[in-house]
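Colleague: Could you work out the structure for the sequence below:
(chains A, B and C)
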Amino acid sequence: MTNEALQNLINTWIPDPVTSELEFTEEESQFLNISVQPADLHQLMFQLKNNTDTNFDYLFCLSGVDWGKELGVVYHLESTTHRHIIVVKVKTEDRENPVFDSVCDIWKTAEFHEREVFDFFGIKFNNHPNLKRLFLTEDWDGFPLRKDYVDEINMIVK
Amino acid sequence: METSTVNNNFKSEEYFINMGPQHPATHGVLRLLLTIDGETIKKVEPDLGYIHRSIEKMCERDSYQQIVHLTDRMDYLSSNINNEAVCLAVENALQIEVPDRVKVIRTIIGELTRIASHNLWWGVMGMDVGALTTYFYAFRDREMINDIFEETCGARLTMNYNIPGGLMFDIHPNFVKRVKEFIAHFKTKLPEYDTLLTNNVIFQKRMRGVGMLSKEDAISYGASGPVGRGSGYSCDVRKLHPYSALDKVTFNEALRTEGDSFARYEVRIQEMWESMSIVEQLIDNIPEGDYKVETNAVIKLPKGEFYQKVETARGELGVYIISTGTKNPYRLKFRSPGFSNLSLLNHIAVGGKIGDLVASMATLDLVIPDIDR
Amino acid sequence: MNLSLSITKNIHDWLFNMMPETAASLTEMTLIATVYLAVFAVTGLFLVLLERKVAAWFQLRLGPNRVGPWGLLQTMADALKLVSKELTGTVNADKFLYNLAPYFVIITALMALAVLPFSGEFQAFDINIGIFFLIAISSIGVIGILLAGWSSNNKFALIGAMRSGVQTISYELSVGLSLLTVILITGTLQLSEIVEVQRNGWLIVQGHIPAIFAFMIYMISGTAETNRAPFDLVEAESELGAGFHTEYSGMKFAYFFLAEFINMFIIASIATTIFFGAWLSPFGITESLPWLGVFWFLGKTLVLVFLMMWFRWTFPRLRIDQLLTLEWKYLLPLNLMNLVLMAIIVWLNLTIQF
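Modeller: Prediction:
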């Protein structure tokens, strides 16, 4: 499916385009990007996976990103049947307690990737079965991949 | 680290055992928290981070040329393919077209790396199921590849041969001759692997029907590489998104539908044959030309997001670069194949015996620095 | 005249002339024990070296070649190193059992050595229940392994010990039954008499088909009893680290290590004695030189030892349930049928005798 067709299809899923603010963009990226509000994330992801036309069954990359003001997660999805790729982005401005819905129930690989994101960005995921530090120790202070993380002993800043 | 597993509600027969971080079967510093009932595995919980160097954070500080060197230290057994991934990402972002010579050499060395990696895996696979001799057979042949690499770029393992825009320097005059020698040698030696291990009845009993992974689960767990292909999931990036000179060669994607440990084993053995065939197709026709295109001393990527997939020996490596137009990436994420493959270990090991866990883990071919990054 | 016999006889006479009877017997026993200890140590060290050389040969390597000519002193150097190493232990180990365990293993290995007929005269203890004694002794060793695993307070060691218990108890049956099959021909348990019977042809020839089956079963279960690959689940490096001896170091570890090799030697020796005519030369070619018996005995034993090493360096390891399946579902029924077959053959006088 082409990016335009995907965009049109996904738009038809939304009952009210005003409240749920999906943003589509192909600028500065080789894939079609969708920005979604945290509240709609799980619903959209579920549709993307289970709709037979989209069928994004392969979550090949899940990255946490610190955008400076906002924290976000980027999901790279691919369909193993249709072979199209889409990128879903979700952001929140709440740096103290960022929470998104977990997509573990849709893609099992997300369990580990979300733990990694929790570990390094402090982003929490609702309904995650086992959300705890994966790489770092439980008593680690701070979230190293955030841009405002400071560690004067271990980090060499040029 | 105090484990929360201790607080789990154990049934009276179950006990807890700590496998690793120093354990012969975990190939490095992976730590598995096992819940066991007698000899039967009830739960496997990996605990990572013993060799985490936060390469992604370092990348945010380094220039793109420097990043290439860090990728060697992730999956050190397919270091050249890792280098290639970053270089391809940068080249695509800058829209540099590298010369054909570079593409062909990169592919040849990439496939040799794959053979070397699978070779080591085969040796260790045998060790994990208790056949100690395999290791030395594998190293005999792997040594020849390492010698070729050493002659080419001075390093045997962490190669650093690729740079954004091409190669660090041209191939050694002996390169073609020695690669041909190796292929001729390995064609006679690879059948020995089958004689020694594959056809052994004990080995087959240990591997068949163990560590079952269905195609749906493989996709859902994000399995890639031989792990996915052992479950009948066609996921070879070299076929789906060809890079370098891989669109010029013909090869079969090794696919098995059984989904057990033996299928994953067979996929890797077949991949060695396929890689040899790829090298053979290219080695005689390395085009003349430059071995690199000049890039700026300071590489600045345009603003945007770039994603590059390559097929390492372990599966799909993704390099996700977010650039703000400066000389450092704003965020660089490595989607490492081992990390996703590890996440399905619990799924395939539960219900088996301790021996099965070790054998299944060996067929996942985990490299811990690749997982920890 | 037999040289070795005359020496031992002379010493015997000399001791009994010099001392009162009790003291002389005690001195003689001590002397014999010392000789056997020396034999034990030399055999152990030699077998370790042999294993390393054989392994190297299988693995395209050279093996030890630095200490002494052809690396012959390598194991001596290893032994020295092990003696000088610190004896570590775990804090919560059961100290008494922990220290006792290696001796259990090593002493049982030594005791079995006593009844082996190295040659017509070189046999310390020729009791009329020789085979029975050997089987009984060889299964005591497992107690030492169980103790070691239990008292170490280490879960890996415990799993190894439990596996060892399961394995030895199971394969003990096959070892016993396969030997019993052959004993049907001889009608005696005394080792020297079993050897005498074989002057008419080795038992593997006399018993032909069932004897060959018995030999194969014996070698498989014998390998399992010594906990060597492909039955090395007890140690299972890639699964349990080092298994039952994880927490042992220095000389205590060396005891376990040596005992494994001595046990391998004993298993091969029993096979030699029962199936291949012990010190008897093939077709009696050196019957006029009885002292060559030691050579023949060791030669045959080493061939079988080599066979066991061959197993170890080529086969992968079985899984614990496969190990038990092999014994209880295949070897044991086969063994029982084999026993009946042998009984019929002996009954109908179908044995081959020269």
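Colleague: mind listing the strands in the chain by residue range?
Modeller: All of this refers to chain A. Ranges of strands in chain A, per DSSP state E, are A:23-25, A:32-36, A:58-66, A:71-78, A:85-92, A:99-101, A:124-126.
Colleague: Chain B is the one I meant
Modeller: Under DSSP E, chain B gives strands at B:14-19, B:31-37, B:40-47, B:162-163, B:166-167, B:304-311, B:316-323, B:331-335.
Colleague: Could you dump those into a markdown table and include distance to chain C and mean pLDDT?
Modeller: C-beta coordinates here come from the backbone N, C-alpha and C atoms, glycine included. Putting those into a markdown table (distance: least, Cβ to the nearest Cβ, whole Å; pLDDT from 0 to 100) gives the following:
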| stretch | distance to chain C | mean pLDDT |
| --- | --- | --- |
| strand B:14-19 | 5 | 84 |
| strand B:31-37 | 8 | 87 |
| strand B:40-47 | 10 | 87 |
| strand B:162-163 | 33 | 88 |
| strand B:166-167 | 34 | 86 |
| strand B:304-311 | 28 | 88 |
| strand B:316-323 | 27 | 89 |
| strand B:331-335 | 29 | 89 |
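Colleague: so which of the ones you listed gets nearest A:Leu6?
Modeller: Comparison of the strands of chain B against A:Leu6 by Cβ to Cβ identifies strand B:304-311 as nearest, at 16.8 Å.
Colleague: Parallel or antiparallel, list what pairs with that closest one.
Modeller: strand B:316-323 (antiparallel) (DSSP bridges).
Colleague: Can you tell me what sits against the strand it pairs with?
Modeller: A:60-61, A:63, A:65, A:74, A:76, B:75, B:81-82, B:85-86, B:89-90, B:93, B:224-225, B:235, B:237, B:301-311, B:329-337 (Cβ atoms under 8 Å, 6 or more residues apart in numbering or on different chains).
Colleague: Torsion angles phi and psi at residue 123?
Modeller: This is for chain A. Phi and psi for A:Ile123, reported as degrees, to the nearest 10, are phi -80, psi 130.
Colleague: wrong chain, I was asking about chain C
Modeller: Dihedral angles for C:Gln123 - degrees, to the nearest 10 - are phi -150, psi 120.
Colleague: The residue lying closest to it once chain neighbours are set aside: helix or strand, and which one exactly?
Modeller: Closest residue in space to C:Gln123, ignoring its immediate chain neighbours: C:Pro117 at 4.4 Å, by Cβ to Cβ, 6 or more residues apart in numbering or on different chains. Using DSSP states H and E, C:Pro117 sits within no helix or strand.
Colleague: Check whether C:Pro117 really touches C:Ser192, as I assumed.
Modeller: Yes: shown here, C:Pro117 and C:Ser192 form a contact pair, counting by Cβ atoms under 8 Å, at 6.0 Å.
Colleague: Overlap in contacts, these two.
Modeller: C:Gln123, C:Asp126.
Colleague: Leaving out sequence neighbours, find the closest residue to A:Asp105.
Modeller: A:Asn127 (7.1 Å).
Colleague: and what of B:Gly123?
Modeller: Per Cβ to Cβ, 6+ apart, closest to B:Gly123 is B:Ala138, 3.1 Å.
Colleague: Thanks again, I'm all set now.
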